[in-house]
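This is the structure alone, sequence omitted:
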């Protein structure tokens with residue numbers, strides 16, 4: 001996961017937790033673009049392995065979040081993945097463009113989300129200004145359709 005993604009993820013929704021991004025939920029990645037749905041340019045995508053059904057515990061949690069937009073099941077190498085889509089707010093959009101000034105409440109939210117354990121996040125968030133290259137993570141393209 002990129003450093004800018006580590007700053008953005010805690011800002012997606014207040015109900016999102018570090019546990020939701022764990023291996024036990026089937027979490028595979030965070031993305032900022034979907035090549036198959038380019039019209040969703042102001043959205044964040046979280047992808048989970050759907051094959052082992054571990055991610056069902058986050059399914060209902062995500063559906064009840066304010067920023068939840070929808071989901072889509074895609075197949076990559078014959079394995080189903082569920083891609084959750086969340087609407088970006090203006091702060092997230094500024095961060096995606098490369099720079100943003102964080103208010104104290106946002107700094108605290110980010111630091112608490114990562115439990116003060118990530119050095120890059122702690123250093124950059126504490127300064128209040130996060131500057132980075134725009135994120136380039138793109139949802140992998142679906143390569144299989146079941147019959």
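Arrived safely. Owing to the predicted nature of the structure, the values given are computational and were not obtained by experimental measurement. Residues are numbered from 1 along each chain as shown.

which residues does residue 21 contact?
Going by CB atoms under 8 Å, 6 or more residues apart in numbering, residue 21 touches 9, 27, 30, 46. To be clear about C-beta, it is placed using only N, CA and C from the backbone, and glycine gets the same treatment.

can you tell me which two in the residues you listed are farthest apart?
Comparing every pair within these by CB to CB identifies 9 and 27 as the most remote, at 10.7 Å.

Among these two, which residue is more densely surrounded?
Neighbour count, other CB atoms under 10 Å: between residue 9 and residue 27, residue 9 has more, with 22 against 19.

now the helix or strand harbouring the more buried one: how far from the chain's centre is it?
Residue 9 is part of helix 3-12 when elements are defined by DSSP states H and E. Once both centres are worked out by CA atoms, centre = their mean, to the nearest Å, helix 3-12 turns out to sit 7 Å from its chain's centre.

same thing with stretch 40-56?
Worked out by CA atoms, centre = their mean, stretch 40-56 lies 9 Å from the chain centre.

Buried residues, it. List them.
By neighbour count on 16 or more other CB atoms under 10 Å, the buried set for stretch 40-56 is 40, 43-50, 54-55.

got the residue ranges for the strands in the chain?
Using DSSP state E, the strands assigned to the chain run over residues 27-31, 33-34, 43-49, 68-76, 79-87, 99-101, 129-131, 138-139.

Quick check: neighbours of the fourth one in the sheet, parallel or antiparallel?
Okay, so that is strand 68-76. Paired strands of strand 68-76, with direction, are strand 79-87 (antiparallel) (DSSP bridges).

neighbouring contacts of stretch 57-66?
For stretch 57-66, contacts defined as CB under 8 Å, 6+ apart pick out 13, 15-16, 20, 25, 46, 48, 68, 71, 82, 84, 86.

any idea which residue sits dead centre in this structure?
The chain has residue 30 as the residue nearest its centroid, 4.2 Å off, counting by CA atoms, centre = their mean.

how close does residue 25 sit to residue 124?
Distance of residue 25 to residue 124, given as CB to CB, to the nearest Å: 26 Å.

just curious, which of the buried residues of stretch 40-56 is nearest to residue 105?
Closest to residue 105, out of all of the buried residues of stretch 40-56 and judged by CB to CB, is residue 44, at 19.5 Å.

No further questions, thank you.
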